[in-house]
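> Predicted structure and sequence below. I'll ask about it afterward.
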Amino acid sequence: MTYNFSVRLFTDDKCFGPGIAQLLHRVQELHSLRAAAMDMNMAYSKAWTIVKSSEAALNCKLLTSTTGGKGGGGAVLTDEAEKMLLAYDSFCEEMRQYGDRLFAEKFSFRLK
């Protein structure tokens with residue numbers, strides 16, 4: 001027996017969760033929203049919508065983008081996005097650790 005949960009943050013609307021976190025991690029690695037979307041088998045338009053919705057709900061920019069051309073385009077996380085991602089990842093990890101302990105405690109009769 002196992003458990004699963006995911007963390008979603010809300011303002012008036014959902015503003016940050018596993019989807020935007022994964023997308024931002026991919027942008028960090030690939031330096032491109034388009035490449036990040038492709039890596040996740042996601043349409044670029046959907047990735048763009050996710051980023052814009054999160055930015056609107058958080059009232060801050062998450063990506064700084066440059067358009068393509070001779071040197072190529074790209075995207076980088078803003079300082080605010082890096083702070084959000086770090087805080088979110090840390091919070092999720094601590095919640096997982098707590099969840100593991102609580103799960104083992106409450107369901108120990110089923111885990112032996």
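Received the coordinates, thanks.

> pLDDT below threshold where in this protein?
Under the criterion pLDDT under 70, the flagged ranges of the chain are 68-72, 112.

> so the residue nearest in space to the middle of the chain, which of the three states?
Centroid-nearest residue in the chain, with CA atoms, centre = their mean: Ala21, separated by 0.6 Å. Recorded secondary structure, Ala21: helix (DSSP: H, G, I helix; E, B strand; the rest coil).

> give me every residue that touches the closest residue in space to it that isn't next to it in sequence.
What sits nearest to Ala21 in space, not counting adjacent residues and going by CB to CB, 6 or more residues apart in numbering, is Tyr88, at 5.5 Å. Every C-beta, even on glycine, is put in place using the N, C-alpha and C of the backbone. Neighbouring residues of Tyr88 by CB atoms under 8 Å, 6 or more residues apart in numbering: 7, 9, 16, 21.

> what are the bridge partners for the third one, then?
So the one you mean is Phe16. Beta-bridge partners for Phe16, by DSSP bridges, are Leu9.

> List the buried residues in stretch 88-104.
For stretch 88-104, a neighbour-count test (16 or more other CB atoms under 10 Å) marks 88, 92, 103 as buried.

> Ramachandran coordinates for Glu29?
Main-chain dihedrals, Glu29, degrees, to the nearest 10: phi -70, psi -40.

> next one: Arg8
Main-chain torsions, Arg8, degrees, to the nearest 10: phi -130, psi 130.

> All the strands of this structure, in order from the start?
When secondary structure is read from DSSP state E, the chain shows strands at 9-10, 14-16, 63-66, 74-77.

> For Asn41, which of these is the nearest?
Between Asn41 and the strands of the chain, the shortest gap by CB to CB is with strand 74-77, which sits at 18.4 Å.

> Dump that closest one to PDB, restricted to CA.
Extracted in PDB, the C-alpha atoms of strand 74-77 (Å, rounded to 0.1, in the frame of the first residue of the first chain):
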ATOM      1  CA  GLY A  74      15.500  31.600 -25.300                       C
ATOM      2  CA  ALA A  75      14.000  32.000 -21.900                       C
ATOM      3  CA  VAL A  76      15.400  32.200 -18.400                       C
ATOM      4  CA  LEU A  77      13.700  32.200 -15.000                       C
END
